[in-house]
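Asker: got a predicted model here, sequence first, then my questions.
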Amino acid sequence: MKDSFQNHVDELFRNMLQFYKKEPGRHVWENIEAELDKEDKAALIKGTRTGFRKAGTVLILFFFLGSMLLYYRIQLVLPGQPIISSDLSKSEAGRITQRPAKAYSVSPTFNESKSKNAMLTPVLQGNTEITAPDLPFSNVDNSAMLFHNDFIPTVTADRIAQTFKMTENSSLKIKLSDGQHIIRPQQTKFMDRLSITPYFSKEFAGYNFADNDMTAPNGKEVERAERNIFSASVGMYINYKINKKWMLQTGISYSWSRSIMDSSQSYAEKNTAGYIAFKLNTASGFSFLNPPSFIVPMVGDSMATAKTHNELHYVTVPLVLSYRFPFRRFTFLAGAGMTFNVLAHATLETDIYGANFKQNESEIPLRGLKKINFGLLVKAEIQYRVTSKMAVSLIPSFKNTLGPINMNNSSLQAYPYNFGIGAGIAYLF
Amino acid sequence: MILKGQSIVNTDLKRLIAGCLASDRSCQKEIYSLYSPGMMSLCMRYTKDRQEAEEVLQDGFLQMYRCIQQFRNTGTFEGWFRKIMINCALQKYRRKSDRFSKVAISEELYYLPSDLSVSNQLQEKELIRLIQSLPPACRLVFNLYVFEGLKHREIAQLLEISEGTSKSNLFDARTILKKQLRRDLKIAK
């Protein structure tokens, strides 16, 4: 009884799992390929070294023998006599003889994938012999030939594939007359190369300043008075794997930063509407503060402001070219590129106060900022593969604008930069 | 290109092996496409989860590419490759220190109902999960005995354990599996 149950369990598992198949994750082949590439490279280097050693030995030998031969011939030749005339006179000088090329006839077969490519089917189904006019070379009799001769251009499988306008999902198998095969592997689909990485990044931001208006408070003063208190961005990278080593990354992100500026003085100036208001310069532009109604400012008057908070929000589109190093479950990316930044929101909040009043000024728009600016982005990414489709990412980055974010009417030119450390989840399609 | 799921004729296989010998990446990829689903299933049975199975699969394929020149046409390629894969799984198992941890099984023996139609009620995935839930030593012995058809003497030699341990591990594996099956069937009902 007991045995029968035991056998039953064995049989159940054996029968159910005998033909069970499970697809491994796509990264497995990538890892294998990377490992094989590494081994091939090592073997090549070893082979090259050995080759160099052999070639060196042969060269030395030839040099030695040549020297010996030349020495003895010079010894034998009389003055005025050509050295190698005897050999040339025997051959048919001036006539170039070429040994016949070794030729193979080609019979291509196409294995069509399940979907798409119907274009090739009527032309090249089954074993079709390719005739000479179909191929991008002439002087070939009746059938396509592959020449294995140094003096005649070699027709490669790639070239034949180009001639047949192969599409993404088709694969070409060429059978040579001597039984060899050349196979063009199936190409990777577009979606297989694509992945996305939603992320959140905490940033440590700062400004580099240059004076634009020498009469205004200079950059150093603003730099001392203003500091970033919070900066972060959230977004998504869209990653396109160009090949095993290179990846193109783009996407979109929304970033915001909040700065605080110590108490300072603002000076009355005519604003853009022609009214006199108190102009407050900050690192990221300026604002006009409207005094209480009972104060009528004159140009040049000053007013004290309390601590000022300002906020900048940008929508950013990055474009980065990254180099990939896959290593076991990790993939390291290092890349550089550009960012296209669009100003989304810029406001300021402060208190102005005098001898007998204090007034809060909030949501005051910051002026003098460019709507669009470009930046440099240098980033790295460490991905740890959790499943075949998902990976967690650590994304350190450095951004710096290529030009000032302020317009010409600003007293300062600010070049913001930030170091970010982000975390994200990469999803492979 | 030979597509997945297609049976491979001997000439194609010879060509692919020759390609692998010449380090032709397209041939290596074709062999991978052909054998990876089957070998993945094997690795899933020998390991505790998918990640570990993929690691064994990767090691197995690399090992196969490295020593493909050792394949003599005396048996099937798949059989030869299967042995490599099992060896890789065993190597992984040997690296772990807790391989002979004692299995705690309740004294009560669980018998399956005699009119079992288990195969209709259970999916392959669930069976794989049950095997993966076994302690490593039991899992290996169960796999080697049930799927590879090895005798206890051969298993003992392979795993460097005594025949008695092998028998005991197999008994434990069966007991645990029956217990799990019974529980799963209850849930299914």
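Answerer: Happy to help now that I have it.

Asker: for chain B, which helix is longest?
Answerer: For chain B, the helix with the greatest residue count under DSSP state H is helix B:163-188.

Asker: so which elements touch that one?
Answerer: On a contact count with 3 or more Cβ pairs under 8 Å, 6 or more residues apart in numbering or on different chains; DSSP states H and E, helix B:163-188 meets helix A:2-17, helix B:118-121, helix B:124-132, helix B:136-142, helix B:152-159. (Glycine included, C-beta is placed from N, CA and C.)

Asker: of all those helices, which one is nearest B:R45?
Answerer: helix B:124-132 (5.2 Å; Cβ to Cβ).

Asker: buried residues, the closest one. List them.
Answerer: Residues B:E124, B:L127, B:I128, B:L130, B:I131, B:Q132 are the ones in helix B:124-132 that count as buried (16 or more other Cβ atoms under 10 Å in any protein chain shown).

Asker: A:N373 contacts A:N406, correct?
Answerer: No: using Cβ atoms under 8 Å, A:N373 makes no contact with A:N406, being 9.5 Å away.

Asker: neighbour count winner among these two?
Answerer: A:N406 (25 against 21; other Cβ atoms under 10 Å in any protein chain shown).

Asker: report the beta-bridge partners for the more buried one.
Answerer: With DSSP bridges as the criterion, A:N406 is bridged to A:L369.

Asker: quick check: it vs chain B, distance?
Answerer: 51 Å (Cβ to the nearest Cβ, to the nearest Å).

Asker: give me the low-pLDDT residue ranges for chain B?
Answerer: B:1-9, B:96-122, B:186-189 (pLDDT under 70).

Asker: what's the nearest residue in it when you look at chain A?
Answerer: Closest residue of chain B to chain A, Cβ to the nearest Cβ: B:P37 (3.7 Å).

Asker: how many residues are close by that residue?
Answerer: 15.

Asker: so who does it touch?
Answerer: A:K21, A:K22, A:E23, A:P24, B:K4 (Cβ atoms under 8 Å, 6 or more residues apart in numbering or on different chains).

Asker: ignoring the adjacent residues along the chain, who's closest to the closest residue to chain B within the stretch 1-150 of chain A?
Answerer: The nearest approach of the stretch 1-150 of chain A to chain B comes at A:K21, 3.7 Å away (Cβ to the nearest Cβ). Spatial nearest neighbour of A:K21, chain neighbours left out: B:P37 (3.7 Å); criterion: Cβ to Cβ, 6 or more residues apart in numbering or on different chains.

Asker: center of chain B, which residue is that?
Answerer: B:L42 (3.4 Å; Cα atoms, centre = their mean).

Asker: which strand or helix spans the closest residue to that one other than its chain neighbours?
Answerer: Nearest residue to B:L42, sequence neighbours excluded (Cβ to Cβ, 6+ apart): B:M85, at 5.7 Å. According to DSSP states H and E, B:M85 maps onto helix B:77-95.

Asker: what is that helix packed up against?
Answerer: For helix B:77-95, the packing partners by 3+ Cβ pairs under 8 Å, 6+ apart are helix B:25-46, helix B:50-66, helix B:136-142.

Asker: and the contacts of it?
Answerer: Contacts of helix B:77-95 (Cβ under 8 Å, 6+ apart): B:13, B:17, B:35, B:38-39, B:42-43, B:46-47, B:52, B:55-57, B:59-60, B:63-64, B:67, B:71, B:99, B:136, B:140, B:144, B:148, B:158-159.

Asker: are any of those buried, and which?
Answerer: B:13, B:17, B:35, B:38-39, B:42-43, B:46-47, B:52, B:55-57, B:59-60, B:63-64, B:71, B:136, B:140, B:144, B:158-159.

Asker: distance to A:I295 added to the contacts of B:P37, as CSV?
Answerer: Formatted as CSV, these follow (distance: Cβ to Cβ, whole Å):
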residue, distance to A:I295
A:K21, 83
A:K22, 79
A:E23, 76
A:P24, 76
B:K4, 82
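
Asker: mind giving me the domain split of chain B?
Answerer: Split into domains by automatic domain parsing, chain B comes to B:10-95, B:99-188.

Asker: which one of the ones you listed is the most hemmed in?
Answerer: domain B:10-95 (a mean of 18; mean count of other Cβ atoms under 10 Å in any protein chain shown).

Asker: quick one: distance of it to the chain centre.
Answerer: From the chain centre to the centre of domain B:10-95 is a distance of 12 Å (Cα atoms, centre = their mean, to the nearest Å).

Asker: quick one, the helix holding B:M85 and helix B:50-66 angle?
Answerer: Counting by axes from the mean of the first three to the mean of the last three Cα atoms, to 10 degrees, helix B:77-95 lies at 120 degrees to helix B:50-66.

Asker: got the CA positions of helix B:77-95 in CSV?
Answerer: The C-alpha trace of helix B:77-95 is given here as CSV (Å, rounded to 0.1, in the frame of the first residue of the first chain):
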residue,chain,number,x,y,z
PHE,B,77,23.7,15.8,-27.1
GLU,B,78,20.8,16.6,-24.9
GLY,B,79,21.8,13.8,-22.5
TRP,B,80,25.3,15.0,-22.3
PHE,B,81,24.2,18.5,-21.8
ARG,B,82,21.8,17.4,-19.1
LYS,B,83,24.6,15.9,-17.2
ILE,B,84,26.6,19.1,-17.3
MET,B,85,23.5,21.0,-16.1
ILE,B,86,23.0,18.6,-13.2
ASN,B,87,26.6,18.8,-12.3
CYS,B,88,26.4,22.6,-12.1
ALA,B,89,23.3,22.3,-9.9
LEU,B,90,25.2,19.9,-7.6
GLN,B,91,28.2,22.2,-7.5
LYS,B,92,26.0,25.0,-6.4
TYR,B,93,24.5,22.7,-3.7
ARG,B,94,28.0,21.6,-2.6
ARG,B,95,29.0,25.2,-2.0
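
Asker: so what's residue 24 up against?
Answerer: All of this refers to chain A. With Cβ under 8 Å, 6+ apart, A:P24 has these contacts: A:S388, B:S36, B:P37, B:M40, B:A53, B:E54, B:L57.

Asker: now do the one helix or strand A:E269 maps to: everything it contacts.
Answerer: In the assignment (DSSP H and E), A:E269 maps to strand A:264-270. For strand A:264-270, the external contacting residues (Cβ under 8 Å, 6+ apart) are A:217, A:225, A:276-281, A:288-289, A:297-305, A:308, A:352.

Asker: can you select the buried ones among the residues you listed for me in PyMOL?
Answerer: This is the PyMOL syntax for the buried subset of those, where burial follows 16+ other Cβ under 10 Å:
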select buried, chain A and resi 217+225+276+277+278+279+280+281+288+289+297+303+305+308+352
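
Asker: mind listing which of the contacts of strand A:264-270 are in strands?
Answerer: Secondary structure assignment (DSSP state E) places A:276-281, A:288-289, A:302-305, A:308, A:352 from these within strands.

Asker: looking at these, which is nearest chain B?
Answerer: Using Cβ to the nearest Cβ, these come closest to chain B at A:T308, 52.6 Å.

Asker: tell me where the model's unsure across the stretch 301-429 of chain A.
Answerer: For the stretch 301-429 of chain A, the ranges with pLDDT under 70 are A:355.

Asker: make it 90
Answerer: Scanning the stretch 301-429 of chain A with the threshold set as pLDDT under 90 gives A:301-311, A:324-331, A:345-371, A:385-390, A:401-418, A:428-429.

Asker: what does it put close to chain B?
Answerer: A:R329, A:T387, A:S388 (Cβ under 8 Å from any Cβ of the partner chain).

Asker: out of those, which are buried?
Answerer: A:S388.

Asker: now render the buried residues of helix B:124-132 as JSON lines, adding distance to chain A.
Answerer: Listed next are these as JSON lines, based on distance: Cβ to the nearest Cβ, whole Å:
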{"residue": "B:E124", "distance to chain A": "4"}
{"residue": "B:L127", "distance to chain A": "5"}
{"residue": "B:I128", "distance to chain A": "7"}
{"residue": "B:L130", "distance to chain A": "8"}
{"residue": "B:I131", "distance to chain A": "7"}
{"residue": "B:Q132", "distance to chain A": "12"}
